[in-house]
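[1] Sequence below, structure please.
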Amino acid sequence: MGKYSISIGDKVDIIRQAYIRKDTGEPDELGSKVIDVIDEVTLKLMMPMNKTITVPLELGEESIMYFYTAKGILTGRTVVSERFFEGSLAVMVVKLITELEKTQRRQFYRLQCSMNAKFHIMTDEEKKGLNDFIGESRLVRENKSRYIDLVAGNTNDWDECVVIDLSGGGVKYLSDKEIKKKENAILAISLKSGEQIKEYFLLMTIIDSLRKSVDSTKLEIRTKFLGLRESARDAIVRFVFEEERRNRNKENL
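    Residues are numbered from 1 along each chain as shown. Below is the predicted model of the structure:
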C-alpha cells in the first residue's frame, strides 16, 4: 500500500465496472467495510449488501474501490481472490492490483477530455438485429457486441465527433449532426493502454441532445452504453484511471 494505509473498520465503496445500472447508466455501486488487513496488498472485506440482500462478488472479479480512511479517500483497482463465510458473515479477500492513490470521489471514473471519435446512427434494419439479444448475461453481451462489430465493419456511414466526457457508463460528445433522444448509435473510439492503441465499437443510446448556445453550431450529445462486453468496459475504465493518474502527476510537477 506504499505511503498510504487502510485500517480495520474503514468504509468502502465498490464500483463494479462490469455491471451497469439501467436507471443511471453508471457502474453499479455497493458498500462494504474492511474487517482485516492481511498484508500490504491483501484485505478482508464484508461481502457487500443491497438493503438486506448479500451481493456476492465473483472470484476473479475486478473492481474499483474507494476506501474512506482517516487520511482521506484512497482508491485503487482490486481483484477478488477468495470468498467464504465466517460463521454467518459472508466475507471476501481482495488484492490490490494498482497502488492506492488519493482521489476526489467521482472524478476518478468520469474523465473530462477532448478525443476525436465517430458515430454511426443505426438503421431500422440494423436495429432489428438487436432484438435477437435479450437479457444481460455475459454471453448475451458478448454476442451483442459481436453483432455491433459486424455492423460497424459493414458501414461507411459515419459522422465525426469529439468526446468531451468518458466513463464506463457512457459518453458526452460534441457533433454538428442532430440526433433524436432514445436513438441507437455506435461509437467508434480508439483507446490507448500502455503502448497499445485499440479501436472499440460501442453501442449507445441517446439520453439528451442540447445546443451549446443559441449561436453555436455544435450539439452536446449525452449517451449511455448498452450491453457492452466486459473487456470493452474494462478497457474504458482502465483508460480513465490511467488518464486521471497522468493528469494528477502533471499537476504535481
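[2] now the residue nearest the centre of the chain: how far from Glu58?
    Centroid check for the chain by C-alpha atoms, centre = their mean gives Gly168 as the closest residue, at 2.2 Å. Counting by C-beta to C-beta, to the nearest Å, the gap from Gly168 to Glu58 is 17 Å. Every residue, glycine included, has its C-beta placed from N, CA and C.
[3] Ser193 too?
    If you go by C-beta to C-beta, the gap between Ser193 and Glu58 works out to 23 Å.
[4] Repeat that for Asp28.
    When Asp28 is compared with Glu58 (using C-beta to C-beta), they lie 13 Å apart.
[5] Between these two, which has more neighbouring residues?
    Asp28 (18 against 11; other C-beta atoms under 10 Å).
[6] Can you tell me how far the more buried one is from Ser231?
    Distance of Asp28 to Ser231, given as C-beta to C-beta: 18 Å.
[7] chain center to the least confident helix or strand in the chain by mean pLDDT, what's the gap?
    Taking mean pLDDT, DSSP states H and E as the measure, helix 230-252 is the helix or strand of the chain with the lowest mean score, a mean of 75. Centre-to-centre, helix 230-252 and its host chain are 11 Å apart (C-alpha atoms, centre = their mean, to the nearest Å).
[8] What is it packed up against?
    Helices and strands touching helix 230-252, by 3 or more C-beta pairs under 8 Å, 6 or more residues apart in numbering; DSSP states H and E, are strand 11-20, strand 62-69, strand 110-121, helix 138-153, strand 159-167, strand 184-193, strand 196-211.
[9] tell me the angle that helix makes with strand 62-69.
    Here helix 230-252 runs at an angle of 40 degrees relative to strand 62-69 (axes from the mean of the first three to the mean of the last three C-alpha atoms, to 10 degrees).
[10] ends of stretch 54-66, how far apart?
    For stretch 54-66, the first-to-last residue distance is 19 Å (C-alpha to C-alpha, to the nearest Å).
[11] list the buried ones in it?
    Counting neighbours by 16 or more other C-beta atoms under 10 Å, one finds that the buried residues in stretch 54-66 are Val55, Leu57, Glu61, Glu62, Ser63, Ile64, Met65, Tyr66.
[12] thinking again about what came up before, quick one: the residue nearest to the centre of the chain from Leu111, how far?
    Separation of Gly168 from Leu111 (C-beta to C-beta) stands at 10 Å.
[13] intersection of neighbour lists for the two?
    For the pair Gly168 and Leu111, residues contacting each of them under the criterion C-beta atoms under 8 Å, 6 or more residues apart in numbering are Val240.
[14] From Leu228, how far out is Glu142?
    Relative to Leu228, Glu142 is positioned 10 Å away (C-beta to C-beta).
[15] Show me which of the two is the more surrounded one.
    More neighbours sit around Leu228 than around the other of Glu142 and Leu228, counting by other C-beta under 10 Å; the figures are 25 against 16.
[16] I'd guessed the more buried one sits against Leu187; true?
    No. Leu228 lies out of contact with Leu187 (C-beta atoms under 8 Å); the separation is 10.6 Å.
[17] Give me the common contacts of the two.
    The contact sets of Leu228 and Leu187 overlap at Leu202 (C-beta under 8 Å, 6+ apart).
[18] Val80 bridge partners, please.
    Val94 (DSSP bridges).
[19] shouldn't it be in contact with Leu57?
    Yes. With contact defined as C-beta under 8 Å, Val80 and Leu57 form a contacting pair (4.9 Å).
[20] Could you tell me which residues touch both of those two?
    When contacts are counted by C-beta under 8 Å, 6+ apart, Val80 and Leu57 are jointly contacted by Met92.
[21] For Arg141, which residues are in contact?
    Taking C-beta under 8 Å, 6+ apart, we find Arg141 in contact with Gly227, Leu228, Arg229, Glu230.
[22] low pLDDT regions in the protein?
    Applying pLDDT under 70 to the chain flags residues 1-3, 17-18, 20-27, 104-109, 213-215, 245, 248-249, 251-253.
[23] still on that earlier bit, which among the helices and strands packed on helix 230-252 is found nearest to Lys177?
    Minimum separation from Lys177 across those (C-beta to C-beta) falls at strand 159-167, 4.9 Å.
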